[in-house]
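> A structural model of the following input is requested.
(2 chains)
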Amino acid sequence: MPGRMGSRRALITGGAGGIGLACARRLLAEGAEAVLLDRRADALSAAASVGAAPVACDIRDPGAVAAAVARAAELLNGPADVLVNSAGVYKIAPLLDLTPGEWDEVMAVNLRGTFLAGRAVATALIAAGRPGAIVNISSTAGLVADASEPSAHYNASKAGVLALTRQMAAEWAPYGIRANAVCPGVIDTPMLRMMDDPEAGAAYLRAGVPQQRLGSAEEVAAAVVFLASDDASYLTGAAVPVDGGVTAI
Amino acid sequence: MRAIVTGAARGLGAAIAARLARDGADLVLLDVSADVAATAERLAAVGLVTDVSDENACAAAVDRAVRAIGGVDVLVNNAGIGGPDTDVAGTSPAEFRRVLDVNLTGTFLMCHAVATVMIGQGSGGAIVNMGSVLGQQGVARGAGYCASKAGVALLTHSLALELAPHGIRVNTIAPGNMATEMHWDELRSRAARSGTTLGEQVEMVKAAIPLGRHGTGSDIAGVVAWLVSPDAGYVTGQTIGVNGGIWLS
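Residues are numbered from 1 along each chain as shown, chains lettered A, B, ... in the order given. A predicted model of the protein is given here:
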């Protein structure tokens, strides 16, 4: 595999999750050093066996995020110059039943967490005068609505991530920091709920996904590493769907 | 990888061809200019003088390409021309048709010929069409060019849906302001019209690009390399903006 990530220092939030861990594997395979953040301590130590350093962190907590980013810089011998914001939660709830508490919890992880980690990493990079790349995991749910699997809080948080990504791109471009988002569609990870009913899931794949299959976490990771690499040197503020053509319908 | 690149004699097309050659592709390069022979020779590729707006020429070129490299896995539709710098009243129908003929119909004609081959091969494939930021938003005195490039993006959508069952992915790259002769011509025309210098026009454009510079051939080639690779195996029907972060309304 071509090593596009040689001498890069990567920080992956939600690093014990399906997509986060796949990103870590690919970043390591291409030569990066990596630190994984996650609030699930057990899953985190298991994930770290891929060759990355684990740092437990609740991404909702500004103090914890600042401490984790500082700890990552020690472990990496310098500030992280690749940040993958993959920490996220997904809940299904029709709008009429959605409670303010559920809304706040999803926003806190998916949107506030992305802001907190992005701000902490960019602050360190700018102070060090170094360029970097941020890749935020959004979702096709941030682009289109889906009444069959209602999740307004998740969808709004992922649309928020897209706006946040554009603003990161605009404000941090002068410092050589690029920020882009990947919008995964239906990806085969533990977070996926669509295949809970295998028959309905298969029907959806046939009718709703032009490529008629689930995507893999590795395919999302490939897009993430592309965006973090110099191959994407002129991309910033972009939203890149990895969805088998769902958003082309 | 067996690839055809159109508009490959110079500029973006030549940079794309050079990158695909570096990645190990067997290449056939098409261009309306006889200069394509020299570019092809430099890259150990086959060069064919071809006007993509000519149906018979496209069919003949694809036929020769298939015989030369044994098939086609990748098509990059890069051939394109700038439109006249005129308002709607001052644009002759012939000029308008010419832009559509090359940029939109030419892209269709190549897709038409190559998709037939790819479907027959039964081994999938990847098509990358060159759109533009001016296919995502309009600009005064650019109606023909904008319409042609917006057409390319929607042609891409439709073909992605049609060809997904054959394992053929189709995507658009939408470059922003590129350091190419086509862009300098546009700025020279704007400078002459507004009584400014080319240098002043270049600075005005750069000031509106968050990354603070024009894009280069290698910026585009890196994105093409990703889109035609298995790394983008779950990406189809998309328009990928490669524009340094300039604002889209």
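
> please make it C-alpha for all contacts and neighbour counts, starting now.
Noted.

> close to chain B, is stretch A:232-249?
Yes. Against chain B, stretch A:232-249 shows contacts by Cα under 8 Å from any Cα of the partner chain at A:232-238, A:240-245, A:247-249.

> buried ones in that stretch?
Within stretch A:232-249, the residues that count as buried by 16 or more other Cα atoms under 10 Å in any protein chain shown are A:232-248.

> run the chain-centre distance for that stretch.
On the basis of Cα atoms, centre = their mean, to the nearest Å, stretch A:232-249 sits 14 Å off its chain's mean C-alpha point.

> before we move on, back to that, between the residues of stretch A:232-249 next to chain B, which is nearest residue B:157?
Closest approach between these and residue B:157, by Cα to Cα: residue A:248, at 5.5 Å.

> can you pull the buried residues of the helix or strand harbouring residue B:154?
Following DSSP states H and E, the helix or strand that holds residue B:154 is helix B:143-163. Residues of helix B:143-163 classed as buried: B:143-157, B:159-161, B:163 (neighbour count, 16+ other Cα under 10 Å).

> that one packs against which elements?
helix B:93-99, strand B:125-130, strand B:168-175 (3 or more Cα pairs under 8 Å, 6 or more residues apart in numbering or on different chains; DSSP states H and E).

> what pLDDT, on average, does it get?
On average, the pLDDT along helix B:143-163 is 97.

> now do it: everything it contacts.
Contacts of helix B:143-163 from elsewhere in the structure, counted by Cα atoms under 8 Å, 6 or more residues apart in numbering or on different chains, are A:210, A:245, A:248-249, B:82-84, B:87-88, B:96-97, B:99-100, B:103-104, B:107-108, B:129-132, B:134-139, B:168-172, B:236-239.

> buried set for the helix or strand bottoming out on mean pLDDT in chain A?
When each helix and strand of chain A is scored by mean pLDDT, DSSP states H and E, helix A:41-47 comes last, with a mean of 86. For helix A:41-47, a neighbour-count test (16+ other Cα under 10 Å) marks A:44, A:45, A:47 as buried.

> spatially nearest residue to the last one (excluding sequence neighbours)?
Nearest residue to residue A:47 in three dimensions, chain neighbours excluded: residue A:16, at 5.4 Å (Cα to Cα, 6 or more residues apart in numbering or on different chains).

> relative to strand B:125-130, how tilted is the helix holding residue B:154?
Compare the direction of helix B:143-163 with that of strand B:125-130 by axes from the mean of the first three to the mean of the last three Cα atoms, to 10 degrees and you get 170 degrees.

> helix B:143-163 to strand B:168-175, inter-axis angle?
Taking the same axes, to 10 degrees, one finds that helix B:143-163 is oriented at 160 degrees with respect to strand B:168-175.

> re earlier: of the buried residues of helix A:41-47, which is the nearest to residue B:218?
The shortest separation between residue B:218 and any of those is 35.7 Å, and it belongs to residue A:47 (by Cα to Cα).
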